[in-house]
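# model this:
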Amino acid sequence: MSMVANVVSAMECVLGQQVEELAERRGVIKRKRKFCGQSLLRMVVLTLLKKPEATFADLALTAAQLGLSVSATAVEKRFTRPLADFLRDVLSLALEQLVAAKPVAVELLERFSAVFIGDSSSIALPDELHQEFPGCGGIGGSGQAALKLQVRWNLKTGELPQVFIEVGKASDLKSPITHQEVPPFALEIFDLGYFSLERFRRLEKGQVFYISRLQPGTAVLDEHGERLDLLTFLPAHAVDGVVDMRVWLGAHDRLPCRLIAIRAPEEVANRRRQKAREYASKHGRIPSAEHLELLGWTLFVTNVPAEQMTWKEAIVLYRARWQIELLFKLWKSHNQIARHRRGATPMEAMAVLWAKLLGAVLQHWLLLSATWSDARRSLRKAARALQDWITTLVIALDDHDQLVLVVTQLQAHLARVAPIQSRQKQPSHFQLLKNPQLLNWTA
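Numbering: from 1, shown residues only. Next comes the predicted model:
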């Protein structure tokens, strides 16, 4: 199946007749006078995808494009618990769709069956929802309600194989995303919030590779089982500021892996130390002298053999994890998933959140179809251009052939506007993936 056909099939599944059963189950449509589940879904999701700050009048305008004559007041009355639950059900349906692009042609990525990056992002909710979505709390009782998005993203195909919605106070390390089945010879890259020797052992057992920063305080032993004092060992054994060696992690149940340590420039090290002092001060602590001294080094652990990945390639791949931060930024800044109108009821806020998340998933599919074959892509530039096509997509939704044509035309348009330029002084993500030797390590 072609990428366009794949995207169109997924869109028709999520925005088509299949959602009527979900609408009926949730009681969002009781008497089919104006809306059915399908038209209500399309109105809300596609309007907010085109205009995240849309008013009820904007929603009514989209309804008119769908052939419905409704007032802004009538639209507002729809934003209740049944609509919120219905939209969450459809979001779950969308996340079940497998939409992946042809793997991008980058030799470094081709060494692995998949390259997964993962992370979480929190979204504050109205405090009235604290029982359903308990947050971590905050000053003055704020932050009582929040949800957390846990996302795993395949950098080879662009697919989002897992997006979990959890309560705000949930621990990253205990998230179901850390227990998902991973294909052999894939690479996983998560940040320190997911650091676990037990997890690394599971990955190793499944023939899965990993790259992680080293959690401070973790016991590091040489191949003879002698614990290393990194503060003295690293300076004594660094070659051009780099140590790359086999070690054991853990004082008892030891894990064999590879340690990569790179000395940071003094300016970078001092910035880290200042941040560490500020963070510790906020929590009533004082950072240890050993911890501050070790901030002069950047420490990675991995089970990828040196003959399969150089230390520079390891850093480039770990820095690729930043792409998921850019994805969250796209969803939060461009799609404004965490925002709702002032004065919105808790259920209106939740309905808007689920609708915007669903729109972000649809957007991701369309951007994959148009941009993934070019490693120079800018998803943000493509997403901005996509907004101008929403009305055209709305009109084409009930005609399969017309929808295929529109998505094909959109694909060509986004492919023209999305690429970014190469940079000489600070090589971009795609330049480093293509040529890791361009890396100038400063952090």
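# Can you get me a residue count around R26?
19 (other C-beta atoms under 10 Å). Where C-beta positions appear, they are placed from N, C-alpha and C, glycine not excepted.
# just checking, it touches P82?
Yes - R26 lies in contact with P82 (C-beta atoms under 8 Å); the separation is 4.9 Å.
# hey, where'd the strands end up in the stretch 1-150 of the chain?
115-124, 146-154 (DSSP state E, counting those that start in this stretch).
# The longest one vs strand 146-154, what angle?
Strand 115-124 runs at 170 degrees relative to strand 146-154, counting by axes from the mean of the first three to the mean of the last three C-alpha atoms, to 10 degrees.
# any weak-confidence spans in the stretch 101-250 of the chain?
For the stretch 101-250 of the chain, the stretches with pLDDT under 70 are 138-142.
# which residues of it fall in helices?
Remark: helices assigned in the stretch 101-250 of the chain by DSSP state H, counting those that start in this stretch are 107-110, 197-205, 230-237.
# counting contacts, what elements does the second one pack onto?
What it means is helix 197-205. strand 209-213, strand 255-263 (3 or more C-beta pairs under 8 Å, 6 or more residues apart in numbering; DSSP states H and E).
# Now with 7 Å, please.
strand 255-263 (3 or more C-beta pairs under 7 Å, 6 or more residues apart in numbering; DSSP states H and E).
# what's the distance between the helix or strand following the strand it packs on and the middle of its chain?
Using DSSP states H and E, the helix or strand that directly follows strand 255-263 along the chain is helix 266-282. Its chain's C-alpha centre lies 27 Å from the corresponding centre of helix 266-282 when counted by C-alpha atoms, centre = their mean, to the nearest Å.
# Provide the contact partners of the helix or strand following helix 266-282 at residue level.
Going down the chain from helix 266-282, the next helix or strand is helix 289-294, by DSSP H and E. Residues from elsewhere that reach helix 289-294, judged by C-beta atoms under 7 Å, 6 or more residues apart in numbering: 216, 230-231, 273, 276.
# Report the buried residues of helix 289-294.
Buried residues in helix 289-294, counted by 16 or more other C-beta atoms under 10 Å: 292, 294.
# Could you name the helices and strands sitting against the helix or strand that it is followed by?
Later in the chain than helix 289-294, the nearest helix or strand by DSSP H and E is strand 297-302. Strand 297-302 sits against strand 209-213, strand 255-263, helix 311-319, with contacts defined as 3+ C-beta pairs under 7 Å, 6+ apart.
# Which one, of the ones you listed, ends up nearest to S92?
Closest approach to S92 among the helices and strands packed on strand 297-302 (C-beta to C-beta): strand 209-213, 28.7 Å.
# just the angle between the closest one and helix 311-319, please?
Using the same axes, to 10 degrees: strand 209-213 against helix 311-319 is 80 degrees.
# when you give positions from now on, start the count at 155
Done: numbering now begins at 155, and the last item shifts to strand 363-367.
# where's strand 363-367 relative to the chain centroid, distance-wise?
Relative to its chain's centre, strand 363-367 lies at 18 Å (C-alpha atoms, centre = their mean).
# one step back: next, format the helices and strands packed on strand 451-456 as JSON lines and append mean neighbour count.
JSON lines is the format used below for those (neighbours: other C-beta atoms under 10 Å):
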{"stretch": "strand 363-367", "mean neighbour count": "22"}
{"stretch": "strand 409-417", "mean neighbour count": "20"}
{"stretch": "helix 465-473", "mean neighbour count": "21"}
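# can you redo these as TSV with distance to L551?
Converted to TSV, these look like this (distance: least, C-beta to C-beta, whole Å):
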stretch	distance to L551
strand 363-367	42
strand 409-417	50
helix 465-473	39
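# and of the ones you listed, who's closest to W402?
strand 409-417 (5.8 Å).
# which strands and helices sit next to the closest one?
helix 351-359, strand 396-403, strand 451-456.
# Show me what the last one pairs with in its sheet, parallel or antiparallel.
Pointing back at strand 451-456 there. Strand pairing for strand 451-456, determined by DSSP bridges: strand 363-367 (antiparallel), strand 409-417 (antiparallel).
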